[in-house]
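>>> sequence isn't available, so here's the structure alone:
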């Protein structure tokens, strides 16, 4: 089921690609930790909001929602289509199992600090990104986690 959903999301991201400039809203996939649906909305040329509904396979197959406020720096690297981004966000993670076979049904809240790089295509409304994200879980227990993923989004 998860594989079929990922394939459908990839097809949606690649559908109707035409040669126009990048628009504000993007939808696509994020693969890694976590894996799922990725969304991004550009507020202006340097600021954006992104989010995901995704599965985490590192800890007992949990589901997570996250959202981030991002700032893109086009001057850090010489390639203008390759901005580095950083930001702040939140994650809500739902897991059914505590790792010892007991159903805990925990909702875990954490603060995200994404750091990544994205490639913005000129001729097609796509971007490809890689990010590392330290996450400080605050509830129900304090814990430090790291997410890392790559992704692709189609803009319309």
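Structure received. Note that the coordinates shown come from a computational prediction; the quantities given were computed from them, not determined experimentally. Numbers count the residues shown, from 1 in each chain.

>>> looking at this protein, which helix or strand does the model trust least?
Least confident helix or strand, the chain: helix 2-14 with a mean of 51, by mean pLDDT, DSSP states H and E.

>>> downstream of that helix, the next helix or strand is which one?
Using DSSP states H and E, the helix or strand that directly follows helix 2-14 along the chain is strand 25-33.

>>> listing partners with orientation, what would you give for that next one?
strand 35-42 (antiparallel), strand 143-155 (antiparallel) (DSSP bridges).

>>> pick the most deeply packed of those strands.
Burial of the strands paired with strand 25-33 is given as mean neighbour count (mean count of other CB atoms under 10 Å); strand 35-42 ranks first at a mean of 19. Placement of C-beta: from N, CA and C, glycine included.

>>> what is the mean pLDDT for it?
Here strand 35-42 scores 98 as its mean pLDDT.

>>> outside of that strand itself, which residues are in contact with it?
Outside strand 35-42, the residues that touch it by CB atoms under 8 Å, 6 or more residues apart in numbering are 2, 6, 9, 22, 24-30, 48-55, 57, 127, 149, 151, 153.

>>> mean confidence score for the helix or strand where residue 71 lies?
Per DSSP H and E: residue 71 is located in strand 62-73. Strand 62-73 carries an average pLDDT of 97.

>>> quick one: buried residues of the following helix or strand past that strand?
Note on strand 62-73: by DSSP H and E, the next helix or strand toward the C-terminus is strand 84-97. Buried residues in strand 84-97, counted by 16 or more other CB atoms under 10 Å: 85, 87, 89-91, 93, 95.

>>> can you give the strand pairings for strand 84-97, parallel or anti for each?
The strands beside strand 84-97 in its sheet (DSSP bridges) come out as strand 62-73 (antiparallel), strand 103-112 (antiparallel), strand 115-120 (antiparallel).

>>> switch those strands over to JSON lines; also include distance to residue 38 and mean neighbour count.
Shown next, in JSON lines, are the strands paired with strand 84-97 (distance: least, CB to CB, whole Å; neighbours: other CB atoms under 10 Å):
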{"stretch": "strand 62-73", "distance to residue 38": "10", "mean neighbour count": "18"}
{"stretch": "strand 103-112", "distance to residue 38": "14", "mean neighbour count": "15"}
{"stretch": "strand 115-120", "distance to residue 38": "11", "mean neighbour count": "18"}
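
>>> to residue 143, which of the ones you listed lies closest?
strand 103-112 (7.9 Å; CB to CB).
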